[in-house]
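*Asks:* prediction below, plus the sequence it came from.
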Amino acid sequence: MSLAESRAGAAPRPKQSPDTTDEESGSAGRPEALLAWYDRHRRTLPWRPPAGTPADPYAVWLSEIMLQQTTVRAVGPYFAKFLARWPSVADLGAASLDDVLRMWAGLGYYSRARNLHACAVAVAVQHGGCFPDTEDGLRALPGVGPYTAAAIAAIAFGRRTMPVDGNIERVVSRLYAVEEELPKAKPRIKALAETLLGPSRAGDSAQALMDLGATICTPKKPACALCPFMDGCAARLRGDAETFPRKAPKKTGELRRGAAFVVTRGDNVLVRSRAAKGLLGGMTEVPNSDWHAGHSDAEARAQAPHLAGITRWHRKPGVVTHVFTHFPLELVVYTAQATSGTRAPAGMRWVKIATLADEALPNLMRKVIAHALD
C-alpha cells in the first residue's frame, strides 16, 4: 500500500496485465483524489460552465481549437468575440471565411481559422448543426485531430477517454517519471493518463489534469506541496520534477530573409491577400518578396510592386523579425509614396490605414506596417 493510500483509505487497484508495471497500474495517482482536488480548485474559464452544468459542445470545440499552441490569457477575448458574433456553430458556418480570418487576426497559426470555418460548415450542413458525440465521428470533421476529438468527446459528451495536452503530459511524465523523450513517449504517457480516469466524470478528470498542470505542476518551480498526487509522484520523490517531461533537442530551422514593400497613397496603404493554401493562407499582407536563406537585396528589390510614378524606394533602418514554427524570419522594409489617383496593381488594393484593424493581418504584417509608419 502506498503512503497516499494509507492516508486516504486504500482503494482496489486495477487488475494488471502481464506487461503493466505496478506504477502504471494506478498506484501513483488516484482518480478520486484528483476529482476531489478539482471540485475545490477548478479554474473559472469563459468556456467552462458551472459545476454540474452540461458543457456546450460548440463552446468546447471553439475553445479547444483556439487553445492549440496559444495561452488561455490570449484566447479569452477572442473566444468572447467569436461567441458574441456567432452564437452557434450554424451561425459560424454561415459566415464568410474572410470574416472569420478578420476576427482571428492576431491569434496566430491561421490554418486553424480556415479549419474552424470548414468544420463549422461541415457540422451545419452534414450534421444538422449538432456535433457528433463520438471520437470517431468528431475525428472525421475538418481540423479535428485525435487530441481535440478526445477533448470534445470527454468534456462535452462524457465519453470515457483522456485527451493529452502539454499540461497533462507534464503531470503524467512527472507522476510516473517517464524517462523516454517526447515525442516518442506520447503513446505511453497517454496510456498512463488513462489510468487516472474514474468510472465516471471523464470530462472533469481531463480538465482536472489540465488545471493541475496549469496551476500546480508548472514547468518551473511546481507547487508539489499542494498537489493531490504529492505522496505518489515519482519525480518529486526523486527530487528532479523540473526535468520532466524529457524532450529531444529542438531543431531550429534555418534563418530566412526577405523584403516587404509598404506603399502609401495619402491615408491609404497598398495590400493584397495571400494564396488560400500554405503559410498564412488567405491573410492580408503588404507586398513582399520570397523568403529564403540565400536572400539578397537585389533579388528582393526586383520583386517590388510596379506602380506608376514610383521611381524610388526608401529602406527603413533595421529589420522586422518574426519566428514561425519551423523557421525564423528577417524582413527589411522599403517604403514609397504614390500620388493621388494611382491605381493598385492587379491582385492588390488600397485600404485606409485607419481601418487596418478590420483586415485579416497576421502579426508579422502588423509589425511590418508599424515599422514602416514609425
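*Replies:* Happy to help now that I have it.
*Asks:* show me the shaky parts of the chain.
*Replies:* Scanning the chain for pLDDT under 70 picks out 1-28.
*Asks:* what residue is smack in the middle of it?
*Replies:* Centroid-nearest residue in the chain, with CA atoms, centre = their mean: Gln68, separated by 1.9 Å.
*Asks:* and for the residue nearest to that residue when sequence neighbours are not counted, the neighbour number?
*Replies:* Excluding the flanking residues, the one nearest Gln68 by CB to CB, 6 or more residues apart in numbering is Arg112, at 6.1 Å. Placement of C-beta: from N, CA and C, glycine included. Residues near Arg112, counting by other CB atoms under 10 Å, number 18.
*Asks:* if I look at Arg112, how far off is Leu270?
*Replies:* 28 Å (CB to CB, to the nearest Å).
*Asks:* what are the ranges of the strands in the stretch 251-374 of the chain?
*Replies:* Secondary structure of the stretch 251-374 of the chain, counting by DSSP state E, counting those that start in this stretch: strands at 256-265, 268-273, 284-285, 314-315, 320-323, 328-337, 348-352.
*Asks:* nearest to Ala214, of the ones you listed?
*Replies:* strand 320-323 (23.6 Å; CB to CB).
*Asks:* and that closest one, what other elements does it pack with?
*Replies:* With contacts taken as 3 or more CB pairs under 8 Å, 6 or more residues apart in numbering; DSSP states H and E, strand 320-323 sits against strand 328-337, helix 363-373.
*Asks:* neighbours of Ser88, how many?
*Replies:* There are 15 residues near Ser88, going by other CB under 10 Å.
*Asks:* between its first and last residues, how far does stretch 334-348 reach?
*Replies:* Across its full length, stretch 334-348 reaches 17 Å between end residues, using CA to CA, to the nearest Å.
*Asks:* over to stretch 100-120?
*Replies:* End-to-end distance of stretch 100-120 (CA to CA): 11 Å.
*Asks:* cool, and stretch 219-226?
*Replies:* With CA to CA, one end of stretch 219-226 sits 15 Å from the other.
*Asks:* now the residue nearest to Val319 when sequence neighbours are not counted, which residues is it bridged with?
*Replies:* Nearest non-adjacent residue to Val319, counting by CB to CB, 6+ apart: Glu330, 4.6 Å away. Applying DSSP bridges to Glu330 gives these bridge partners: Arg257, Thr321.
*Asks:* now do the same contact list for Glu330.
*Replies:* 255-258, 319-321 (CB atoms under 8 Å, 6 or more residues apart in numbering).
*Asks:* do the same with Tyr58
*Replies:* 88-89, 131.
*Asks:* so which of these comes closest to Ala36?
*Replies:* Each of these was scored against Ala36 by CB to CB, and Phe131 proved nearest at 30.0 Å.
*Asks:* let me know the closest of the contacts of Glu330 to Arg265.
*Replies:* Nearest member of the contacts of Glu330 to Arg265, counting by CB to CB, is Val320, at 21.8 Å.
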